[in-house]
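A.B. asks: after the sequence you'll find the predicted model.
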Amino acid sequence: QVQLVESGGGLVQPGGSLRLSCEASGFTFSTYAMNWYRQAPEKERELVATVSRASLSTSYADSVKGRFTISRDNAKNTVYLQMNRLKPEDTAVYYCHTRLPDWGWRDYWGQGTQVTVSS
């Protein structure tokens, strides 16, 4: 059974930092790319960052480039999102995601972790 469990969200002041973690289980973690998405109130879910299976490549939404860093530890089956210089517009529920083969491909999501940036 595939599980993605996020942690690390919370309330932070503008300019502050948070580190999100997502622990994966139920599949061969090192074989698949991992993603972080976010969804703000009344907005569509958006892709924030992606890391390839061996961390050879990463990509970011323009809105977070230079502030967020995605990384993974395949020995711990965990993907991270380091968020620095946070802004109020970063406030959202952040979701861990991967796509696995399942009669085609199937999307798997964590339960989400709330990040609130406010003074």
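C.D. replies: Cool, got the structure. Residues are numbered from 1 along each chain as shown.
A.B. asks: look up which helix or strand the spatially most central residue of the chain falls in, please.
C.D. replies: Here the mean C-alpha position of the chain is nearest to the C-alpha of Trp36 (CA atoms, centre = their mean), at a distance of 2.5 Å. With secondary structure defined by DSSP states H and E, Trp36 is part of strand 34-39.
A.B. asks: which element follows that strand toward the C-terminus?
C.D. replies: Next along the chain after strand 34-39, with elements defined by DSSP H and E, is strand 46-51.
A.B. asks: list the buried ones in that next one?
C.D. replies: Using 16 or more other CB atoms under 10 Å as the test for burial, strand 46-51 gives 48-51. Bear in mind the C-beta positions are built from the backbone N, C-alpha and C, glycine included.
A.B. asks: repeat that for stretch 101-111.
C.D. replies: Buried residues in stretch 101-111, defined by neighbour count with 16+ other CB under 10 Å: 108, 110.
A.B. asks: start to end distance for that stretch?
C.D. replies: Between the start and the finish of stretch 101-111 there is a gap of 21 Å, counting by CA to CA, to the nearest Å.
A.B. asks: got the contact list for that stretch?
C.D. replies: Under the contact criterion CB atoms under 8 Å, 6 or more residues apart in numbering, stretch 101-111 has outside partners 2, 4-6, 22, 37, 95-100.
A.B. asks: now the buried members of the residues you listed.
C.D. replies: Of the members of the contacts of stretch 101-111, the ones counted as buried by neighbours, 16+ other CB under 10 Å, are 4, 6, 22, 37, 95-98.
A.B. asks: among the residues you listed, which one sits closest to Thr113?
C.D. replies: Of all the buried ones among the contacts of stretch 101-111, Glu6 has the smallest distance to Thr113: 4.2 Å, by CB to CB.
A.B. asks: so what's that closest one bridging to?
C.D. replies: For Glu6, the beta-bridge assignment (DSSP bridges) gives partners Cys22.
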